[in-house]
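Peer 1: sequence-free structure coming up:
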């Protein structure tokens with residue numbers, strides 16, 4: 001029994017970043033009495049790096065969070081400064097929504113949402129210890145000695161765990177933006193048998209917008225889109241309030257960095273943590289890609305309430321004097337004034353292969369992990385994990401089966417499956433190339449894929465579900481209209497205008513859209529149809545028709561894979577299975593996959609090992 005308990009909760013979430021915010025909201029909305037602890041109330045949902053939400057593959061994650069009833073998309077729409085569709089000139093499988101958001105407003109809106117949430121308390125404190133009895137969660141203890149009991153804990157410490165900021169020779173044990181670090185919890189995790197790793201990330205300088213000569217940069221306006229992150233706004237036109245700017249580094253800047261490379265912590269050995277491969281510092285870019293004459297940079301507003309500008313593409317940990325010199329060697333930055341210096345930050349994280357695919361520890365029942373503590377980078381990756389950890393913590397408390405999204409259902413499924421089956425040795429970033437079924441996992445169909453799941457879980461409320469059903473009806477109405485035959489005279493004009501050969505027999509409107517040069521918008525114009533249907537719905541239907549054959553092939557492939565991938569694996573001693581190679585035995589015993597599909601994706605397990613497993617499972621009548 002715990003002594004001197006201040007209060008009793010169903011669940012406690014440690015950390016209030018993007019993972020912690022989603023986890024706490026999910027638990028509270030699923031009727032669990034929840035405590036959200038944070039080192040500082042001012043750091044709730046703080047955008048420590050880019051003032052943006054979305055991006056390549058990350059836009060899909062944000063859309064999936066929204067479809068399941070999460071908050072990130074709603075909050076991004078509230079604080080929107082600029083919206084763009086990345087890769088719009090490429091196929092729909094790689095198109096992703098990205099928003100510049102107001103850093104101040106994003107924090108304020110999320111904090112207010114958390115404060116108003118029923119069943120949720122928020123406490124500013126440092127958690128020092130996770131309390132366990134017989135390998136089960138029973139509570140937490142704060143640095144001030146207060147004890148709170150609970151049945152589940154979700155750890156979402158982000159980059160704050162033993163965090164250290166590095167700028168040249170200067171180091172300080174602090175979190176991002178000068179927030180206090182979490183110095184006490186690592187020992188408790190180690191005592192519980194959790195493996196700790198050390199990762200690193202970085203951020204560029206923030207500069208005074210008044211000191212920039214914008215005439216030397218290329219304007220990057222937002223896109224005129226009829227699409228939002230949240231499906232609560234699916235039929236509303238978002239407004240672009242600010243522009244961004246594109247610029248480039250210079251050879252003079254590169255030379256400045258080369259001349260001072262011995263003072264770079266990344267090269268002097270001062271930085272010990274492993275950094276993200278896909279988001280290197282500018283000094284790393286220049287040394288690794290010596291043949292490149294210049295690198296892109298983007299000027300992004302931090303907020304409508306400040307002149308601070310985020311210089312995307314030039315993260316660094318160079319000494320302050322070098323930073324002052326190198327930034328001024330960019331065209332347009334001749335008189336630039338740095339307001340916050342670029343820095344690297346090291347922090348503790350765990351080996352996520354120690355987690356089940358519901359993000360629960362394999363060692364401690366009721367202990368869940370989400371976000372950058374699992375070795376990921378990015379707000380969207382963190383929020384997605386937080387949402388799923390919150391959902392599964394509720395289901396653990398209520399003795400319900402866990403919710404695990406498949407790789408063919410969501411990028412969230414790809415993300416979590418990768419984390420728990422692959423040995424992540426550097427900060428993990430979601431990319432479209434990681435998803436084998438990305439044509440199905442598009443930006444435009446997140447709600448169609450996942451809203452019903454969110455509804456069944458209890459996170460999609462009546463308002464959201466009503467809008468979803470209205471959207472489905474609109475799609476059905478349009479598809480039914482497209483089944484009718486074309487008017488021959490209009491058809492002939494359409495095909496001539498669009499350089500298509502005139503068909504010898506009649507066609508339906510849908511069959512016309514399958515032609516290379518004809519879109520649903522041509523049908524709309526030539527036949528005066530769909531005047532009240534939002535553009536994003538017509539875009540979705542157009543994609544479904546154009547790629548119908550490819551989508552059908554992917555779906556057939558998914559069904560074929562399901563026959564074996566979804567076979568559940570009991571708790572086996574793989575050393576006792578004859579025919580398995582030694583490496584496969586070691587890896588399977590270490591990871592303890594829950595399904596045959598998960599076993600397939602473990603490095604060191606070959607197709608022949610999978611065949612041996614199949615024979616064994618049939619022999620022992622597990623299948």
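Peer 2: Sure, I can see it. What you see is a predicted model, and the numbers here were worked out from it, not measured in a lab. Numbering: from 1, shown residues only.
Peer 1: so residue 341 is in contact with residue 168, correct?
Peer 2: No - taking contacts as Cβ atoms under 8 Å, residue 341 lies outside contact range of residue 168: 9.3 Å. C-beta here means a position set from N, CA and C on the backbone, and glycine is covered the same way.
Peer 1: touching both of those two, which residues are there?
Peer 2: Applying Cβ atoms under 8 Å, 6 or more residues apart in numbering, one finds that residue 341 and residue 168 are jointly contacted by residue 320.
Peer 1: how close does the closest residue to residue 98 other than its chain neighbours get to residue 227?
Peer 2: Take residue 98 and drop its neighbours on the chain: the residue closest to it by Cβ to Cβ, 6 or more residues apart in numbering is residue 54, 4.0 Å away. Separation of residue 54 from residue 227 (Cβ to Cβ, to the nearest Å): 11 Å.
Peer 1: same question, residue 275
Peer 2: 33 Å.
Peer 1: swap in residue 20?
Peer 2: Residue 20 is 28 Å from residue 227, by Cβ to Cβ.
Peer 1: swap in residue 374?
Peer 2: Separation of residue 374 from residue 227 (Cβ to Cβ): 30 Å.
Peer 1: repeat that for residue 340.
Peer 2: 33 Å.
Peer 1: so the two - more neighbours on which side?
Peer 2: residue 227 (23 against 15; other Cβ atoms under 10 Å).
Peer 1: my read: that one touches residue 84, true?
Peer 2: No - at 10.7 Å, residue 227 and residue 84 do not qualify as touching, with contact defined as Cβ under 8 Å.
Peer 1: mutual contacts of these two, please.
Peer 2: With Cβ under 8 Å, 6+ apart as the test, residue 227 and residue 84 both reach residue 97.
Peer 1: neighbours around residue 537, how many?
Peer 2: Counted with other Cβ under 10 Å, residues neighbouring residue 537 total 21.
Peer 1: ugh, typo on my part, it should be residue 285
Peer 2: Count around residue 285 with other Cβ under 10 Å applied: 18.
Peer 1: confirm it sits in a helix?
Peer 2: Yes - according to DSSP: H, G, I helix; E, B strand; the rest coil, residue 285 belongs to a helix.
Peer 1: ok, now which ones touch it?
Peer 2: So residue 285 contacts 292, 295 (Cβ under 8 Å, 6+ apart).
Peer 1: kindly check the end-to-end length of stretch 223-240 for me.
Peer 2: Using Cα to Cα, to the nearest Å, one end of stretch 223-240 lies 8 Å from the other.
Peer 1: go through it and flag the buried ones.
Peer 2: Buried residues in stretch 223-240, counted by 16 or more other Cβ atoms under 10 Å: 225, 227-235, 238, 240.
Peer 1: need the contact partners of it.
Peer 2: By Cβ under 8 Å, 6+ apart, stretch 223-240 touches 53-54, 59, 62-63, 66-67, 72-74, 76-77, 80-85, 88, 97, 99, 221-222, 444, 446-447, 451, 463-464, 467-468, 471, 534-537, 539.
Peer 1: what number of residues lie near residue 175?
Peer 2: 24.
Peer 1: again with the one 3 residues further on
Peer 2: Under the neighbour criterion other Cβ under 10 Å, residue 178 is assigned a count of 11.
Peer 1: one more: residue 280?
Peer 2: As a burial measure, residue 280 scores 17 neighbours (other Cβ under 10 Å).
Peer 1: now the one 10 residues further on
Peer 2: Neighbour count of residue 290, defined by other Cβ under 10 Å: 9.
Peer 1: report the contact partners of residue 605.
Peer 2: 584, 587-588, 599.
Peer 1: how about 6 Å then?
Peer 2: By Cβ atoms under 6 Å, 6 or more residues apart in numbering, residue 605 lies in contact with 584, 587, 599.
Peer 1: before we move on, what about residue 49?
Peer 2: Applying Cβ under 6 Å, 6+ apart, the residues near residue 49 are residue 203.
Peer 1: now it: how far from residue 346?
Peer 2: Residue 49 is 15 Å from residue 346, by Cβ to Cβ.
Peer 1: so residue 469 is in which element?
Peer 2: Here residue 469, judged by DSSP states H and E, is contained in helix 462-481.
Peer 1: pull out the buried residues from that helix.
Peer 2: 464, 467-468, 471, 474-475, 478.
Peer 1: just curious, which of the residues you listed is nearest to residue 13?
Peer 2: Using Cβ to Cβ, residue 464 comes nearest to residue 13 of those, at 22.9 Å.
Peer 1: need the nearest residue in space to that closest one, chain neighbours excluded.
Peer 2: That would be residue 232: by Cβ to Cβ, 6+ apart, it lies 6.0 Å from residue 464.
Peer 1: which secondary structure state is assigned to residue 207?
Peer 2: strand.
Peer 1: kindly report the same for residue 140.
Peer 2: strand.
Peer 1: need the contact list for it.
Peer 2: 12, 127, 130, 148.
Peer 1: which element is the last one on?
Peer 2: What that stands for is residue 148. strand 147-149.
Peer 1: walk me through which strands that strand pairs with, and which way each runs.
Peer 2: Strand 147-149 sits in its sheet next to strand 5-8 (parallel), strand 136-142 (antiparallel), going by DSSP bridges.
Peer 1: what residues does the first one touch?
Peer 2: Okay, so that is strand 5-8. Here strand 5-8 has contacts from 146-149, using Cβ under 6 Å, 6+ apart.
Peer 1: which one of those residues sits closest to residue 259?
Peer 2: residue 146 (52.8 Å).
Peer 1: how near is the closest residue to that closest one other than its chain neighbours to residue 183?
Peer 2: Counting by Cβ to Cβ, 6+ apart, residue 146 lies nearest to residue 6, which is 5.0 Å off, once chain neighbours are set aside. Look at residue 6 and residue 183: by Cβ to Cβ, they are 22 Å apart.
Peer 1: among these two, which residue is more densely surrounded?
Peer 2: More crowded of residue 6 and residue 183, by other Cβ under 10 Å: residue 183, with 16 against 13.
Peer 1: so what's the more buried one closest to, chain neighbours aside?
Peer 2: Nearest one to residue 183, counting by Cβ to Cβ, 6+ apart, is residue 162 at 6.2 Å.
Peer 1: burial of that neighbour, as a residue count?
Peer 2: For residue 162, which is what you asked about, the neighbour count (other Cβ under 10 Å) is 20.
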